[in-house]
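> Sequence plus the predicted model coming up.
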Amino acid sequence: MFIQILNGIVYGGLLYLLAVGLVLIFGLREVVNFAHGSLFMVGAYLGFTVAAMGYWWGGLLVSVVAMAIVGCMLDAAVFRTLRKQDHIVTVLVTFGILLILETTVTAIWGKAYLTYPVPRLLAGTVDIGSSPFPIYRLFVIAVSVAVALSLSAWLRYTRTGLYIRAASTDARVTAMQGINVDRLSLIVVGLGTALAGLSGVVAGPLLSLSPTMGNYILIDSFIVVVIGGLGSFAGAFAAALLIGQIHNFGAVYLPWASTVLPFLLMVAILIWRPTGFAGSRT
Amino acid sequence: MLKGMKACAVAAVAGAVLTTAAHAADPLRIGVPTDLSGTYATLGEEVMRAVHFAVDEANANGGVAGHKVEIKSYDTEAKPDLARRQSEKLVSEGYPILTGLIASGEGLAIAPLMERWGSIYVSTINKADELTGANCVPGVFRVNTQSAMDAATVKPWLAQRKEKKWAIVAADIAWGRGSGKLFAEAVKSVGGTVTAELYTPANINDFAPYIEQVKKSGAEGVWVVLAGRDAVNFAQQSKQFGLTDAITVAGVSFTTDGTVKTLGAAAKGIYGIINYSSTLDTPENKAFVKAWVAKYKSPPTNFEGETYMGMQVIYQAVQAANSVKPADVAKAMPGHTFDTIMGKLVMRAEDHQLLKPNYFGVVEDVDGTLRPVIKTTVSAKDVAPPVTCKMASK
């Protein structure tokens, strides 16, 4: 039972890392980023390539830094340029980016599944109760909790964090107060994309790598974002943990319905509280 | 009325022109709907490699009975509804001989439409018994091993094993359900018990809840009916949980060449059904493997071998019929003996199942590389499933 709860937290933690990136980007640019799953996938492949040379932690670093740069470029080249257009235009463009990234990765690494190694430091299992539990899974929990804590501290206690919260509430009014929202959004989209890269690497040893790996997990992340509230960071955390538990206990106790449970919850939330768990900022 | 008559006349003329044009140089057109981007995308890649190999080989030798071979392929994402649409598109574009679908549900979805489309389907990967059993139709043929044949192969192995408590982890699709049920029956027939029967939905990421249930159930062995991405994810995660080392792991379509290559060390010691292996010791297979290695630099995988066999069967049926029309090809198939890489095999007339031998083996280290190694061979006669098809009444 306890192990099943832990498993739920692991999957929830992964979903949180992805979902919070979506929330960050949506808050500033009001764009639902369809390319987020493929950025997660690219992050995993970059990390894998370095890890295959024997530098697992180097892979983690390379992936996060490279994806942060990609995120900044994405913001400057796409989101900023298209900000005066209808949002649907930007959404379609992100879908196009998804297709380009998938095709590029297929061309470089091929379609065959690749297995990401577990770092030597975190290999093996520890006994919890009397049941062996992979150490790596505990690491996944630690990473997501660390990201959640530092992200909320940053948003709450720093000046940049204050600006971001303000801009997420109303970008135009924030700009009128003399804050450079474009620069802010460069940081935020870069950070969100770096988190996608981080979750790609962290998820690597759990999931097999394939050019479509992002699509399978992005749907769950979108559910998390909708349930948590589109602009809410804390809401995303709570919703991710909830979906993780539903995923696990659904598979154990209601196997015939396990795949629809998250969707049912999403429908219920949309009827009961259309703005999500935590509500929206406006 | 007059307009209708006119249209009829035009159609008749056009038809006549088409049939006259369609003679001597008529190409053999094969449609290959397969999964190029879904859960079984790597299997789809193997299918395409084998199809291209067979087409190039035939065309280099002047075609099949003088007919040049042409193929066209569309992506089905292993989804039955999409498979139906893509197959219909291929047929309407002039590729009425179909092969290459991966998931059994896809084959079952198009089977009832063969008559209406005027096409035929040669299964090379679909394992659900129904395809040549309860749902059999005159236009569908199966070259690969069906689940009942796999079950007949696993029974003697099961009888000599000491594990009596088994858990089953299977894909929640037609193939997984069917194969899981047959395995449960096989376990009961040798006096064992099934402690957990778990069916996993398509495209899940985390198998942890299922691995945990297998452990909890106290099973001494686990039978895995997963393929492609699912197989890799399950094997990788159960290795991390220490399950693979604690209990016996065996499966069907699990110890495939592709999965073993991806998994590396995590695959060692896994038992499984082997439907085709590049190590088979027949002269035809040796020649095929040699030509294959010359082209692709590595030996053919099980799915590549099976798909190639499907192409061999189509070619030889075309030769026997001396026609590329699906109806003629279909007539030439039942009861015909085919000369394949697995020897001379008969397409059973009653249900259109090719009767072939089957194998059981384990993943072992062979000269530094891990690969499935055949340990037991069961003859075509011994695995032949009972005929449940009632084609005549249809």
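Okay, I see it. Just so we're clear, the structure is a prediction, and the values are computed from it rather than from any experiment.

> can I see the domain layout of chain B?
B:24-145+B:281-356, B:148-274+B:359-383 (automatic domain parsing).

> quick one: is the last one near chain A?
Yes: Domain B:148-274+B:359-383 comes into contact with chain A (Cβ under 8 Å from any Cβ of the partner chain), by way of B:198-201, B:203-206, B:208-210, B:212-213, B:215, B:228-229, B:232-233, B:236-237, B:240-242, B:258, B:261-264, B:266. (C-beta placed from N, C-alpha, C; glycine too.)

> which ones are touching A:Gly250?
A:Ala257, A:Ser258, A:Thr259, A:Leu261 (Cβ atoms under 8 Å, 6 or more residues apart in numbering or on different chains).

> Can you show me the strands along the stretch 51-200 of chain B?
Using DSSP state E, counting those that start in this stretch, the strands of the stretch 51-200 of chain B run over B:69-75, B:97-99, B:120-123, B:140-142, B:165-171, B:193-200.

> Just the ones of the residues of domain B:148-274+B:359-383 next to chain A in strands?
Cross-referencing these against strands under DSSP state E gives B:Leu198, B:Tyr199, B:Thr200.

> following the helix ranked longest in chain A, which helix or strand shows up next?
Looking across chain A with DSSP state H, the single longest helix is helix A:2-29. Where DSSP states H and E defines the elements, the next helix or strand beyond helix A:2-29 is helix A:36-52.

> can you pull the alpha-carbon coordinates of that following helix into PDB?
What follows is helix A:36-52, C-alpha atoms only, in PDB (Å, rounded to 0.1, in the frame of the first residue of the first chain):
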ATOM      1  CA  HIS A  36       6.400  21.100 -24.600                       C
ATOM      2  CA  GLY A  37       6.200  17.300 -24.900                       C
ATOM      3  CA  SER A  38       8.700  17.300 -27.700                       C
ATOM      4  CA  LEU A  39      11.000  19.600 -25.800                       C
ATOM      5  CA  PHE A  40      10.800  17.100 -23.000                       C
ATOM      6  CA  MET A  41      11.700  14.400 -25.600                       C
ATOM      7  CA  VAL A  42      14.700  16.400 -27.100                       C
ATOM      8  CA  GLY A  43      15.900  17.000 -23.500                       C
ATOM      9  CA  ALA A  44      15.900  13.200 -22.900                       C
ATOM     10  CA  TYR A  45      17.800  12.500 -26.100                       C
ATOM     11  CA  LEU A  46      20.400  15.200 -25.400                       C
ATOM     12  CA  GLY A  47      21.000  13.800 -21.900                       C
ATOM     13  CA  PHE A  48      21.000  10.300 -23.200                       C
ATOM     14  CA  THR A  49      23.800  11.100 -25.700                       C
ATOM     15  CA  VAL A  50      26.000  12.500 -23.100                       C
ATOM     16  CA  ALA A  51      25.100   9.800 -20.600                       C
ATOM     17  CA  ALA A  52      26.000   7.100 -23.100                       C
END
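
> That one packs against which elements?
Here helix A:36-52 touches helix A:2-29, helix A:56-74, helix A:87-109, helix A:181-203, helix A:213-228, going by 3 or more Cβ pairs under 8 Å, 6 or more residues apart in numbering or on different chains; DSSP states H and E.

> May I see the buried residues of it?
By 16 or more other Cβ atoms under 10 Å in any protein chain shown, the buried positions in helix A:36-52 come out as A:36-48, A:50-51.

> Low-confidence stretches in chain B?
B:1-25, B:392-394 (pLDDT under 70).

> Grab the most central residue of it for me.
The centroid of chain B falls nearest to B:Ile125 when counting by Cα atoms, centre = their mean (0.9 Å).

> Of all the domains of chain B, which one is nearest A:Val252?
Ranking those by proximity to A:Val252 (Cβ to Cβ) places domain B:148-274+B:359-383 first, at 5.5 Å.

> so how far is the closest one from its chain's centroid?
18 Å (Cα atoms, centre = their mean, to the nearest Å).

> do stretch B:69-86 as well
15 Å.

> Identify the residues contacting it?
By Cβ under 8 Å, 6+ apart, stretch B:69-86 touches B:27-40, B:44, B:48, B:51-52, B:54-55, B:58-59, B:63, B:87, B:89-90, B:93, B:95, B:100-103, B:105-106, B:108-110, B:113, B:315.

> hey, C-alpha coordinates of it in PDB?
Output of stretch B:69-86 as PDB, limited to C-alpha atoms (Å, rounded to 0.1, in the frame of the first residue of the first chain):
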ATOM      1  CA  VAL B  69       6.200  -5.500 -57.700                       C
ATOM      2  CA  GLU B  70       5.000  -2.100 -56.400                       C
ATOM      3  CA  ILE B  71       4.200  -1.200 -52.900                       C
ATOM      4  CA  LYS B  72       2.500   1.700 -51.100                       C
ATOM      5  CA  SER B  73       2.400   2.300 -47.300                       C
ATOM      6  CA  TYR B  74       0.300   4.300 -44.900                       C
ATOM      7  CA  ASP B  75       0.600   4.900 -41.200                       C
ATOM      8  CA  THR B  76      -2.000   3.200 -39.000                       C
ATOM      9  CA  GLU B  77      -0.600   4.100 -35.600                       C
ATOM     10  CA  ALA B  78      -1.700   0.600 -34.600                       C
ATOM     11  CA  LYS B  79      -5.200   1.900 -34.200                       C
ATOM     12  CA  PRO B  80      -8.000  -0.300 -35.600                       C
ATOM     13  CA  ASP B  81     -10.200   2.600 -36.900                       C
ATOM     14  CA  LEU B  82      -7.200   4.300 -38.600                       C
ATOM     15  CA  ALA B  83      -6.100   0.900 -40.000                       C
ATOM     16  CA  ARG B  84      -9.500   0.500 -41.600                       C
ATOM     17  CA  ARG B  85      -9.400   4.000 -43.300                       C
ATOM     18  CA  GLN B  86      -5.800   3.600 -44.500                       C
END
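
> residues of it that come out buried?
For stretch B:69-86, by 16+ other Cβ under 10 Å, it's B:69, B:71, B:73-80, B:82-84, B:86.

> B:Ile273 pairs with what?
B:Phe360 (DSSP bridges).

> Quick check: end-to-end length of stretch B:99-108?
End-to-end distance for stretch B:99-108: 13 Å, by Cα to Cα, to the nearest Å.

> Any buried residues in that stretch, and which?
B:Thr99, B:Gly100, B:Leu101, B:Ile102, B:Ala103, B:Ser104, B:Gly105, B:Glu106, B:Gly107, B:Leu108.

> For the third one, which non-adjacent residue is closest in space?
Spelled out, it's B:Leu101. B:Gly107 (5.1 Å; Cβ to Cβ, 6 or more residues apart in numbering or on different chains).

> what's in contact with stretch B:107-123?
Contacts for stretch B:107-123 (Cβ under 8 Å, 6+ apart): B:31, B:80-81, B:83-84, B:87-88, B:91, B:96-99, B:101, B:126, B:128, B:130-131, B:135-144, B:174, B:310, B:313-314, B:326-327, B:329-330.
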